[in-house]
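Q: When you get a sec, could you give me coordinates for this:
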Amino acid sequence: MTEAELFDPKGLIHDAFAIEGIGAPECRSVFLDWALGVPPSKKPQDEVRKLLAHYSPQQPADHPMIVTLQAALKEVKPPQRRGGRQGRMSQ
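A: Numbering: from 1, shown residues only. Have a look, this model is predicted:
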């Protein structure tokens with residue numbers, strides 16, 4: 001088993017880099033499929049860092065999959081929803 005097979009067991013990310021002309025929407029879809037397969041015992045952010053460490057040196061920095069992986073590491077704030085009358089009145 002190679003190093004890449006440890007954090008990309010289905011080869012989804014590898015295959016995404018092999019597809020010529022792949023765009024951001026397709027990369028996000030591939031990433032979602034990959035993320036759903038991350039075992040609960042592992043932290044997804046750590047696995048994404050491993051993917052970036054493995055694939056970044058081989059790919060251009062503006063490749064849509066590299067951009068998708070980098071976006072996966074950004075902090076996401078929970079949405080702030082104001083429901084009911086208050087939510088409608090603030091618009």
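Q: For residue 30, give its distance to residue 85.
A: Between residue 30 and residue 85 the distance is 42 Å, computed by C-beta to C-beta, to the nearest Å. For every residue, glycine as well, the C-beta is placed using N, CA and C.
Q: meant to ask about residue 48
A: Counting by C-beta to C-beta, the separation of residue 48 from residue 85 is 41 Å.
Q: Those two: who's more crowded?
A: The residue with more neighbours, out of residue 48 and residue 85, is residue 48; 22 against 8, by other C-beta atoms under 10 Å.
Q: how about the helices of the chain, start to end?
A: For the chain, the helices defined by DSSP state H cover 3-7, 12-18, 24-36, 44-55, 64-72, 84-89.
Q: now those as a markdown table including mean pLDDT and distance to residue 78?
A: Shown next, in a markdown table, are the helices of the chain (pLDDT from 0 to 100; distance: least, C-beta to C-beta, whole Å):
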| stretch | mean pLDDT | distance to residue 78 |
| --- | --- | --- |
| helix 3-7 | 77 | 27 |
| helix 12-18 | 94 | 27 |
| helix 24-36 | 96 | 18 |
| helix 44-55 | 94 | 17 |
| helix 64-72 | 96 | 17 |
| helix 84-89 | 69 | 16 |
